[in-house]
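Colleague: coords please:
(one chain, ligands or ions: 1)
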Amino acid sequence: MTTTHNQEQGTTAEIEFEVLAIDEDVVAQLMVVDDAGNAPRVKVDDEGGNPLRCCLRLSRPGEQVALVSYAPLRRWAKAAGAEPGAYDEVGPVFIHTEPCGGPAGNRFPEVFLRSPRVFRAYRADGSILRGRLATAEVLKDQAAAGQVLSRILADPRVAVVQARALEFGCFTFEVRRAA
Ligand SMILES: [Zn+2]
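Modeller: Just a heads-up that it's a prediction; the model follows:
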């Protein structure tokens, strides 16, 4: 038995990973024209509570945000030299309209713990390998969430992982093996 075979029993050594928000350069590009070719829709978020993909926290009431279309796989593939082809998808995300400094670190974002999430694993060529649903109970804390991602990344065929919201399917953040 290799460590890969043991992963379902939870005996695999932790794979180091990093959670990535939308990079500030990309945010700036999206504020000009988004990945669907449209201008961003800027608004004051009166109620707050929307997940911001630039800093991986929830918006606060009164913050100025923009709703834009974002193509996470296309953006990743361009840098990785992959061809996602039909797997390319564009979807709505909230971002800050001004540089916000990004997330505090590369850990699993605190605000997305204890809520269900779908993790989609993609191969190096940009095709999808599998999806994994993690319930709120499974994502109960940092250690548990880290174990879920570690297990997905233990498969050497996985090049990049996308975390998505369960109900709307919106892209939430990207996960890669730590550099
Ligand atoms: Zn932000």
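
Colleague: can we go C-alpha only for contacts and neighbour counts from here?
Modeller: OK.

Colleague: on contacts alone, who are the packing partners of the longest helix anywhere in the chain?
Modeller: Scanning the chain for the helix with the most residues, using DSSP state H, yields helix 142-153. Contacts defined by 3 or more Cα pairs under 8 Å, 6 or more residues apart in numbering; DSSP states H and E place helix 142-153 against strand 171-177.

Colleague: any idea which element Gly79 lies in?
Modeller: Wrong residue type there; residue 79 is Ala, not Gly. Taking DSSP states H and E as the definition, one finds Ala79 inside helix 72-80.

Colleague: buried stuff in that helix?
Modeller: Buried positions in helix 72-80, judged by neighbour count with 16 or more other Cα atoms under 10 Å: Pro72, Leu73, Arg74, Trp76, Ala77.

Colleague: in this structure the first one contacts Tyr87, no?
Modeller: So the one you mean is Pro72. No. In this structure Pro72 lies outside contact range of Tyr87 using Cα atoms under 8 Å: 10.6 Å.

Colleague: if we can go back for a sec, give me the contacts around the helix holding Ala79.
Modeller: Applying Cα atoms under 8 Å, 6 or more residues apart in numbering, the set of residues contacting helix 72-80 from outside is Glu83, Pro84, Tyr87, Asp88, Glu89, Val90, Ala124, Gly126, Phe171.

Colleague: how about the next helix or strand after that helix: buried residues?
Modeller: Following helix 72-80 in sequence order, the next helix or strand is strand 91-96 (DSSP H and E). Neighbour counts using 16+ other Cα under 10 Å place Pro92, Val93, Phe94, Ile95, His96 of strand 91-96 among the buried residues.

Colleague: strands of this structure, residue ranges please.
Modeller: 17-20, 41-45, 51-52, 57-58, 63-70, 91-96, 117-122, 128-134, 160-165, 171-177 (DSSP state E).
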